[in-house]
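J.: Fold the stuff below for me.
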Amino acid sequence: MNFNNKIIWITGASSGIGKSLAITLSHYDCKLILSARRQTALENVRAMCKQPEQIAVLTLDLAETDTLTTVTETAISIFGRIDMLINNGGISQRSPIIDTSIAVDRKLMEVDYLGTVALSKALLPHFVAQQSGHYVVVSSLMGKFSSPLRSAYCGAKHALHGFFDAMRLEHDKDNVKVTMICPGFVNTNVARNALTADGSKQGDQDEMTENGLDVDVFVQKMITAIRKEKFEAYIGKFEKFGVFVKRLSPRLIHKLVLRSKVR
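T.: Numbers count the residues shown, from 1 in each chain. Model prediction:
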């Protein structure tokens, strides 16, 4: 597939991967809808894009699932249809299981899983009616195997794979595509914004994230995966091979992660 004449809706578009995606895709012959919670930040991203007149800004909060049907109706009305939803919005977490409030687990599930699912379900009748549509879901390598201090995040990302695998099966007949994007370490503010045991933000960067893929390099690889309509794409440095090690030996990936510096 290509992006020409497509209408693409991106969540989490105010920073990080979403921001880079918006700027990169604005150089194609397509129209964009940029969503996140912060109107001003979205407007700033829009101003950085090529042909900003082809880009709309629509605020939403993935935690407010009851509002997402109305938000979706508004999104469809902006350009008359939507061809692709890039589910990029979400938060991360860094804290030991034993110390982590259940409210943090709930928050991760509400935003990363239920928010994404609610938005995707709200858009599904539109995709079915036009007999085409493409969901791109930014999951994580942590949706395929786990590491310490990310229990709530890993749980939410694993859940996304279960849901969207079912979506792909049920709506193959409707030409609805699903691409799961699984980033490894990408140099964004995801670690700084990660929730700690009491729900406060971590506030600082970790070494592995700091040394991760440049976000613009990541986005180019992500775009290639979307073009190829891949079912899943694992994008990172050495850490992406953990997916294949897990398939061969769950015990081995356990030992390798324990020995790593991933904390």
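
J.: pLDDT at Thr209, what is it?
T.: Here, the pLDDT recorded for Thr209 equals 89.

J.: to the chain's geometric centre, what's the distance from the helix or strand that contains it?
T.: Using DSSP states H and E, Thr209 maps to helix 207-210. Average the C-alpha atoms of helix 207-210, do the same for its chain, and the two points are 19 Å apart (Cα atoms, centre = their mean, to the nearest Å).

J.: Ok, stretch 42-49 next?
T.: When distances are taken as Cα atoms, centre = their mean, stretch 42-49 is centred 19 Å away from the chain's centroid.

J.: what sits against His158?
T.: In this structure, His158 makes contact with Met142, Gly143, Lys144, judged by Cβ atoms under 8 Å, 6 or more residues apart in numbering. Where you see a C-beta, it was placed from the backbone N, CA and C, and this is true even at glycine.

J.: closest to Ala166 among the residues you listed?
T.: For Ala166, the closest of the contacts of His158 turns out to be Gly143, at 14.8 Å, with distances computed as Cβ to Cβ.

J.: Most neighbours among the contacts of His158, please name it.
T.: Top of those by neighbour number is Gly143, holding 26 neighbours under the definition other Cβ atoms under 10 Å.

J.: What is the burial count for the nearest residue to that residue once chain neighbours are set aside?
T.: With Cβ to Cβ, 6 or more residues apart in numbering as the criterion, Gly143 has its nearest non-adjacent residue at 3.3 Å, and that residue is Lys157. If you count neighbours by other Cβ under 10 Å, Lys157 ends up with 26.

J.: May I see the buried residues of the helix or strand Gly162 falls within?
T.: Secondary structure from DSSP H and E places Gly162 in helix 151-170. For helix 151-170, the buried set under the neighbour-count rule, 16 or more other Cβ atoms under 10 Å, comprises 151-161, 163-164, 167-168.

J.: next one: stretch 138-151
T.: Within stretch 138-151, the residues scored as buried using 16+ other Cβ under 10 Å are 138-147, 149-151.

J.: what does the average pLDDT come to for that stretch?
T.: Averaged over stretch 138-151, pLDDT sits at 97.

J.: gap between that stretch and the chain center?
T.: Between the centre of stretch 138-151 and the centre of its host chain there is 13 Å, according to Cα atoms, centre = their mean.

J.: next one: stretch 157-173
T.: 15 Å.

J.: Would you mind measuring from the nearest residue to Leu62 once chain neighbours are set aside to Gly89?
T.: If you skip the residues right next to it in sequence, Leu62 has Gly115 as its closest partner in space, 2.7 Å away by Cβ to Cβ, 6+ apart. Relative to Gly89, Gly115 is positioned 7 Å away (Cβ to Cβ, to the nearest Å).

J.: overlap in contacts of the two?
T.: Common contact partners of Gly115 and Gly89 (Cβ under 8 Å, 6+ apart): Leu62.

J.: For Tyr234, give me phi and psi.
T.: When quoted as degrees, to the nearest 10, the phi and psi of Tyr234 stand at phi -110, psi 110.

J.: Do a quick rundown of the helices in the stretch 51-200 of the chain.
T.: Along the stretch 51-200 of the chain, the segments classed as helices by DSSP state H, counting those that start in this stretch run 68-79, 102-108, 116-130, 151-170.

J.: For those, give me a markdown table that also has distance to Met222.
T.: What follows is the helices of the stretch 51-200 of the chain, written out as a markdown table (distance: least, Cβ to Cβ, whole Å):
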| stretch | distance to Met222 |
| --- | --- |
| helix 68-79 | 21 |
| helix 102-108 | 22 |
| helix 116-130 | 16 |
| helix 151-170 | 16 |
